[in-house]
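In: Sequence plus the predicted model coming up.
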Amino acid sequence: MSQEYKGKESNRRAFLKKITLISSAFAIVPRHVLGGPGYIAPSDKLGLGFIGTGKQARGLAGRFSKIDEVTLMAGCDVDRNRLELFKKHVGNLTRENQGMLHDVALYDEYHDLLDNDQIDAVVIATPDHWHAIQSIDAMRAGKDVYCEKPLAHTVQEGRAMVRAVKKYKKVLQTGSMQRSWEIFRHAVELVRNGYVGEITKVIVSVGDPAISCTLPKVETPAGLNWDRWLGPAPFREYNPGIAPPIDDDSWAQWRQYREFGGGILSDWGAHMFDIAQWALDMDRSGPVLFIPPSDPLAKRGLKMIYDNGVEMVHEDFERGHGVRFIGSKGSLDVSRSFLDSDPIEIAEVKIGSGEKHVYKSEDHYMDWINAIKNRTEPVCDVETGHRSSSVCNLANIAYQLRRPLRWDPAKEKFSKNKEANALLTKSYRIPYKLTK
């Protein structure tokens, strides 16, 4: 395995047998017994496990529970309180959406979840610093993977995930679900079909780059294995500003800190830079030059230049999180709440059957399930997810070093810059490591 929690490994399986929070055996009441139509036998369903059971995972569980071909079988978390909440949540979801009642296996160690051969695929909804290690371990264990965005915490991690998909022949869907929204797909097709003209500039409006965490020590809540939560990240004491307790339903702020995430630049950039890359047909490439703003304290203004001369800028155009495409025929703005243009006729164009079309997914979650069944690539496959997270990771490096950086998207290296290249990876706390 890529890493082990060595203090527990000697008696890990014995511990699992004795202390597993709930039996992994199903107690299923079929849909037809409850009176609903369309009963699918449990043996014909895809067994799904969740690594990480927090706010995002509960939302994803709601999505997957609406898919008849899926059974939500298990959850794993280092916080016992979140596990218990997840158990109740999944019970309600499956009863409401699938007409079934069953127990959910709960684990405090994700390797034990991966050892469960009834689980076919996993949803990874842990903080970014865990994504690569857990995804690769899951694929090595024979599981397909849905991994939340941003896909990887470093460029090196993303490339390792791409290699793992190829080596283990698994299906990985990145959680950049905007690719399955019609509003974004239409914007992308408008750009690709030339309705905005020749694109000269793209403005991506998302939040701040990552910062170091300096929050003070606070007593760790009961039930939370904080050392295991940190995992490969540098050790530091607990603070609820990083991982809020169970009675705080706000989004965890680990996202802001480079030890665990990539700032809101990465958190939302994995959505919006992803759409920009898609529209520019750069899903297998990326910018070649990063030019940070002259103000050393600026949190906006980074310019990213593609080899074809298109300039992408991290800037706020005062419409919330979104993307603005500027071309020779006008401009096009897109976000989760609007798609409009100047002139207005651009956004109103209907793309004809004979024009350019991109991969059409109407449901990001069903798209992954279909890809698993058909052994095909999903709408946001591992290479796409890696390239989108790379833009965010590289942008963070440019803001951190505050000097122009030349990037080779094919070799995935900076030109003649050892300091920048060193930031393409990170140090892993012993005994954790990334399998390359």
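Out: Sure thing, it's come through.

In: So S331: helix, strand or coil?
Out: strand (DSSP: H, G, I helix; E, B strand; the rest coil).

In: For it, name its beta-bridge partners.
Out: I326, D342 (DSSP bridges).

In: just checking, it touches S341?
Out: Yes. Between S331 and S341 there is a contact under C-beta atoms under 8 Å: 6.3 Å. Backbone N, C-alpha and C define where each C-beta goes, glycine included.

In: Show me which of these two is the more surrounded one.
Out: Neighbour count, other C-beta atoms under 10 Å: between S331 and S341, S341 has more, with 22 against 19.

In: Give me the distance between that one and E311.
Out: For S341, the distance to E311 (C-beta to C-beta, to the nearest Å) stands at 19 Å.

In: swap in Y146?
Out: 33 Å.

In: Settle it for me: which of the two has more neighbours?
Out: Legend: neighbour count by other C-beta under 10 Å for Y146 and E311, higher for Y146 (28 against 17).

In: what helix or strand is that one on?
Out: Using DSSP states H and E, the element containing Y146 is strand 144-147.

In: Now the following helix or strand past that strand: buried residues?
Out: Using DSSP H and E, the helix or strand that follows strand 144-147 in sequence is helix 155-168. Residues 155-162, 164-165, 168 are the ones in helix 155-168 that count as buried (16 or more other C-beta atoms under 10 Å).

In: cool, stretch 236-256 as well?
Out: Buried, per 16+ other C-beta under 10 Å, within stretch 236-256: 236, 238-240, 242-245, 252-256.

In: That one spans what distance, first to last residue?
Out: 15 Å (C-alpha to C-alpha, to the nearest Å).

In: can you check stretch 347-362 too?
Out: Termini of stretch 347-362 sit 20 Å apart (C-alpha to C-alpha).

In: how much space between P287 and K201?
Out: Taken as C-beta to C-beta, the span from P287 to K201 is 13 Å.

In: Name all residues that make contact with the residue nearest the centre of the chain.
Out: Nearest residue to the geometric centre of the chain (C-alpha atoms, centre = their mean): K149, 1.6 Å. Counting by C-beta atoms under 8 Å, 6 or more residues apart in numbering, K149 touches 174-176, 270-271, 274, 385, 388-389.

In: how many neighbours does L405 have?
Out: Based on other C-beta under 10 Å, the number of other residues close to L405 is 21.

In: and it, backbone torsions?
Out: phi -130, psi 130 (degrees, to the nearest 10).

In: Equivalent analysis for F64, please.
Out: According to degrees, to the nearest 10, F64 has phi -70, psi -30.

In: Am I right that I264 is in a helix?
Out: Yes. Counting by three-state DSSP, I264 falls inside a helix.

In: I'd like the distance between it and V206.
Out: Where V206 is concerned, I264 sits at a distance of 6 Å (C-beta to C-beta).

In: Who has more neighbours out of those two?
Out: V206 (26 against 18).

In: surely that one meets H314?
Out: Yes. Counting by C-beta under 8 Å, H314 is a contact partner of V206 at 7.0 Å.

In: what do those two both touch?
Out: With C-beta under 8 Å, 6+ apart as the test, V206 and H314 both reach 265, 269.

In: which parts of stretch 172-189 are buried?
Out: So for stretch 172-189, counting by 16+ other C-beta under 10 Å, buried means 172-181, 183-189.

In: from the buried residues of stretch 236-256, which single one is nearest D112?
Out: A243 (21.7 Å; C-beta to C-beta).

In: Now do the residue lying closest to the closest one once chain neighbours are set aside, the pLDDT please.
Out: Closest residue to A243 apart from its sequence neighbours, by C-beta to C-beta, 6 or more residues apart in numbering: A252 at 5.4 Å. A252 carries a pLDDT value of 92.

In: Could I get the buried residue list for stretch 71-90?
Out: 71-87, 89-90.

In: can you check stretch 326-337 too?
Out: Quick answer for stretch 326-337 (16+ other C-beta under 10 Å): 326-327, 329-335.

In: okay, it in PDB with CA atoms only?
Out: Provided in PDB are the C-alpha atoms of stretch 326-337 (Å, rounded to 0.1, in the frame of the first residue of the first chain):
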ATOM      1  CA  ILE A 326     -13.700  38.300 -25.100                       C
ATOM      2  CA  GLY A 327     -13.400  37.900 -28.800                       C
ATOM      3  CA  SER A 328     -13.400  39.800 -32.100                       C
ATOM      4  CA  LYS A 329     -17.200  39.600 -32.300                       C
ATOM      5  CA  GLY A 330     -18.100  40.500 -28.700                       C
ATOM      6  CA  SER A 331     -18.000  39.000 -25.200                       C
ATOM      7  CA  LEU A 332     -19.800  36.100 -23.500                       C
ATOM      8  CA  ASP A 333     -20.300  35.800 -19.700                       C
ATOM      9  CA  VAL A 334     -21.300  32.500 -18.000                       C
ATOM     10  CA  SER A 335     -21.800  31.400 -14.400                       C
ATOM     11  CA  ARG A 336     -24.200  29.100 -12.600                       C
ATOM     12  CA  SER A 337     -26.900  31.800 -12.700                       C
END
